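Undergrad: Requesting a structural model of the entry that follows:
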Amino acid sequence: MNDRFDQDEYLTDDAPPVPEMDPPPKWPKVLGIVSIVLASLGLICGGLGLATAPIMGGLMESQLEGAPLPDAWKVGPIDITLGVAGLLLSVVLLFAGITLLARSPTGRLLHLVYAVPAIPLNIYGYIHNLNKQATLQQWAVDYPDNQIARGINEQDPAQAAGQMFGEICGMTMFLGLGVLFPLFLFIWFVAIKVRPDQITGSQDGVY
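TA: Numbers count the residues shown, from 1 in each chain. Model (predicted):
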């Protein structure tokens with residue numbers, strides 16, 4: 001009986017302590033879900049916009065009363081290039097979010113692949129859209145008798161306020177989603193979360 005007690009005491013006192021496992025970090029799950037949601041919205045909105053742009057131009061052409069179709073409503077090579085590039089980046093962001101949600105260090109690389117071209121592409125796309133809006137305004141000045149042109153030139157205060165609100169919302173979304181979010185991803189994965197174990201939660205992670 002005493003021998004058994006001494007054996008239990010020996011095992012209790014001299015056995016190496018079981019190391020406590022640190023809980024895995026929570027940020028990969030949060031950022032992964034955000035990336036998946038934004039990528040899904042980009043695929044849906046971008047895909048619909050790219051598919052319906054030629055159709056909308058044709059529908060509007062029938063209402064121009066003989067006036068030429070504004071350049072802003074034409075789908076040119078730049079529009080197609082921007083649209084396809086946006087869809088490809090959305091696909092990259094989608095897989096980046098999925099891999100990060102699974103705590104794979106590959107998610108870091110994919111987020112950088114998305115962020116680096118996304119910033120200049122979004123800036124150029126926004127400037128391109130502003131230029132197209134300017135050409136539409138000029139078209140309305142050149143063809144003032146057209147019904148659509150009158151709707152653009154003769155806005156009442158409520159319509160002008162609505163247009164300004166829409167422009168502010170567009171600028172906010174552009175700055176937030178088009179520039180600040182990929183910039184955040186770039187800084188986050190280049191300067192802050194650079195090691196595999198910061199994603200996996202262990203020292204066993206590999207790129």
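Undergrad: Counting by contacts, list what the helix or strand residue 199 falls within packs against.
TA: Secondary-structure element containing residue 199, defined by DSSP states H and E: helix 197-200. Based on contacts counted as 3 or more CB pairs under 8 Å, 6 or more residues apart in numbering; DSSP states H and E, there is no element that helix 197-200 packs against. Every residue, glycine included, has its C-beta placed from N, CA and C.
Undergrad: Now do the buried residues in that helix.
TA: Judged by neighbour count using 16 or more other CB atoms under 10 Å, the buried positions of helix 197-200 are 198, 199, 200.
Undergrad: any idea how far that helix is from the chain center?
TA: Averaged C-alpha coordinates place helix 197-200 at 23 Å from its chain's average position (CA atoms, centre = their mean, to the nearest Å).
Undergrad: Kindly report the same for stretch 46-55.
TA: When distances are taken as CA atoms, centre = their mean, stretch 46-55 is centred 18 Å away from the chain's centroid.
Undergrad: Pull out the buried positions in that stretch.
TA: Buried residues in stretch 46-55, defined by neighbour count with 16+ other CB under 10 Å: 46, 50.
Undergrad: hang on, the earlier thing: can I get the helix holding residue 199 in PDB? Just the C-alpha atoms.
TA: Included here for helix 197-200 are C-alpha records, laid out as PDB according to Å, rounded to 0.1, in the frame of the first residue of the first chain:
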ATOM      1  CA  ASP A 197       2.100  30.800 -37.000                       C
ATOM      2  CA  GLN A 198       0.300  34.200 -36.600                       C
ATOM      3  CA  ILE A 199      -2.400  32.700 -38.900                       C
ATOM      4  CA  THR A 200      -2.300  29.100 -37.900                       C
END
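Undergrad: where does this protein have low pLDDT?
TA: Confidence mapping of the chain against pLDDT under 70 gives the ranges 1-22, 57-58, 61-62, 153-167, 202-207.
Undergrad: list the buried ones in stretch 90-100?
TA: Counting neighbours by 16+ other CB under 10 Å, one finds that the buried residues in stretch 90-100 are 90, 92, 93, 94, 95, 96, 97, 98, 99, 100.
Undergrad: which residues touch that stretch?
TA: Residues outside stretch 90-100 that contact it (CB atoms under 8 Å, 6 or more residues apart in numbering): 28, 31-40, 42-43, 46, 106-108, 110-111, 113-114, 199.
Undergrad: and with 10 Å instead?
TA: Contacts of stretch 90-100 from elsewhere in the structure, counted by CB atoms under 10 Å, 6 or more residues apart in numbering, are 27-47, 104-115, 117-118, 181-182, 185, 189, 199.
Undergrad: Determine the next helix or strand in the C-terminal direction from the longest helix along the chain.
TA: Scanning the chain for the helix with the most residues, using DSSP state H, yields helix 106-142. Proceeding N to C from helix 106-142, the next assigned helix or strand is helix 147-153, under DSSP H and E.
Undergrad: what helices or strands is that following helix leaning on?
TA: For helix 147-153, the packing partners by 3 or more CB pairs under 10 Å, 6 or more residues apart in numbering; DSSP states H and E come out as helix 106-142, helix 157-173.
Undergrad: in the longest one, what's buried?
TA: Going back to what we said before, that points to helix 106-142. Under the neighbour-count criterion of 16+ other CB under 10 Å, helix 106-142 has 106-108, 110-112, 114-115, 118-119, 121-122, 125-126, 132, 136, 139-140 buried.
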